[in-house]
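Chemist: Show me the folded form of this:
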Amino acid sequence: MLWVNDVSVEYRSGNIVLHDIDFELERGKILAILGPNGAGKTTLLRCINSILTPNKGVVTLEEVDIKGMHSQQIARKIGYVAQQHGTGALSVFDAVLLGRKPHIGLKSRSEDFAKVRAALHQLGLEHLAMRHIDQLSAGELQKVCFARAFVQEPQIFLLDEPTSNLDLKNQLDILGIIRRIIAEHSMSAVMTMHDLNLAFAFADQFLFVKNGRIVASGTLSTITDDILSQVYGVKVQLIRHNGHVVAVHCNPESR
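Modeler: Next up, the predicted model:
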């Protein structure tokens with residue numbers, strides 16, 4: 001479904017942020033991009049979404065080069081949820097309705113309103129429909145932003161740290177919703193994350209990046225202690241039990 005082929009990004013300062021990034025993602029799968037701060041994870045999402053144009057390489061979605069798409073076409077195919085969300089006087093309903101913009105002509109239709117109501121129902125936000133988004137908790141706001149991306153009816157979601165600044169319950173809620181919607185609607189998702197154990201629990205594929213380069217990629221069965229230690233620069237041990245995998249930091253001073 002998604003093919004990122006030999007993508008590199010260099011800023012005007014000469015700083016190369018991404019080096020020869022190459023991966024594929026099938027429909028119905030979730031890919032977690034993992035790595036330390038400054039590894040180039042967000043830059044990679046922006047290249048996929050055509051917010052940034054790579055200096056080299058190609059991004060194709062269902063065999064179509066996104067360079068040949070205009071912004072409205074991209075918005076119909078890719079739902080992007082950034083780390084930072086604007087707040088204001090918009091109601092939750094109106095904020096989610098903005099996600100229908102790529103499909104709306106001169107004015108919203110009853111079909112658009114129905115899709116917003118359905119999204120609010122699926123994400124358990126119906127009771128917040130008329131509340132202003134600047135009155136929401138972090139978890140509620142994150143769900144609203146995902147609902148807005150969902151009503152775009154994209155083929156793929158790009159989620160930049162979707163669990164940042166959320167408590168454990170909201171982290172599990174958000175990732176559970178993403179997992180369920182991906183499965184029910186045969187979509188795909190690429191999400192950047194810092195929490196290894198949450199990524200291991202919800203993603204299907206993993207891309208480890210450091211200093212703008214791919215260190216390793218694959219499924220959960222291919223991840224090793226050495227890969228994690230190389231990526232993060234600390235000793236990490238993987239514990240596998242009954243199909244679950246947990247990463248544990250090994251303190252060299254502990255006995």
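
Chemist: surely Ser108 meets Leu97?
Modeler: Yes: counting by CB atoms under 8 Å, Leu97 is a contact partner of Ser108 at 6.5 Å. Placement of C-beta: from N, CA and C, glycine included.

Chemist: Comparing the two, which residue is more hemmed in?
Modeler: Leu97 (21 against 15; other CB atoms under 10 Å).

Chemist: Let's verify the more buried one: helix, strand, or coil?
Modeler: The three-state label given to Leu97 by DSSP: H, G, I helix; E, B strand; the rest coil is helix.

Chemist: residues touching it, list them.
Modeler: By CB atoms under 8 Å, 6 or more residues apart in numbering, Leu97 lies in contact with 108, 112-113, 116, 151.

Chemist: Kindly state the beta-bridge partners for Leu61.
Modeler: In this entry, Leu61 is beta-bridged to Leu2, Val64, by DSSP bridges.

Chemist: looking at it, it is touching Lys77, isn't it?
Modeler: Yes: taking CB under 8 Å as the definition, Leu61 is a contact partner of Lys77 at 5.7 Å.

Chemist: about what we covered before: please produce TSV containing the contacts of Leu97, extended by distance to Lys29 and secondary structure.
Modeler: Listed next are these as TSV, based on distance: CB to CB, whole Å; DSSP: H, G, I helix; E, B strand; the rest coil:
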residue	distance to Lys29	secondary structure
Ser108	33	coil
Asp112	29	helix
Phe113	32	helix
Val116	27	helix
Val151	22	coil
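
Chemist: Let me see the ranges of the helices in this structure.
Modeler: Shown for the chain, the helices assigned by DSSP state H span residues 41-48, 71-77, 92-97, 110-122, 138-150, 168-185, 196-202, 225-232.

Chemist: Which one of those helices lies nearest to Thr219?
Modeler: Across the helices of the chain, Thr219 has its closest neighbour in helix 196-202 (10.6 Å, CB to CB).

Chemist: Any chance you could list what contacts the closest one?
Modeler: Residues outside helix 196-202 that contact it (CB under 8 Å, 6+ apart): 30, 32, 34, 163, 171, 175-176, 178-179, 193, 206, 220, 223, 228, 244-247.

Chemist: hmm, which of the residues you listed are the buried ones?
Modeler: 30, 32, 34, 163, 171, 175, 178-179, 193, 206, 220, 223, 228, 247 (16 or more other CB atoms under 10 Å).

Chemist: which one of these is nearest Met69?
Modeler: Ile30 (23.1 Å).

Chemist: Am I right that that closest one is in contact with Met193?
Modeler: No: Ile30 lies out of contact with Met193 (CB under 8 Å); the separation is 10.4 Å.

Chemist: any common contacting residues for those two?
Modeler: Common contacts of Ile30 and Met193, defined by CB under 8 Å, 6+ apart, comprise Ala203.

Chemist: pLDDT score for the residue most central in space within the chain?
Modeler: Nearest to the mean C-alpha position of the chain, by CA atoms, centre = their mean, lies Leu159 at 2.0 Å. Predicted confidence (pLDDT) for Leu159: 95.

Chemist: what pairs with it across the strands?
Modeler: On the basis of DSSP bridges, Leu159 is bridged to Val81, Met191.

Chemist: State the distance from it to Ile33.
Modeler: Per CB to CB, to the nearest Å, Leu159 is found 10 Å from Ile33.

Chemist: now swap in Ile214 and tell me
Modeler: For Ile214, the distance to Ile33 equals 10 Å [CB to CB].

Chemist: now Gly124
Modeler: Per CB to CB, Gly124 is found 27 Å from Ile33.

Chemist: Kindly report the same for Gln83.
Modeler: Gln83 is 13 Å from Ile33, by CB to CB.
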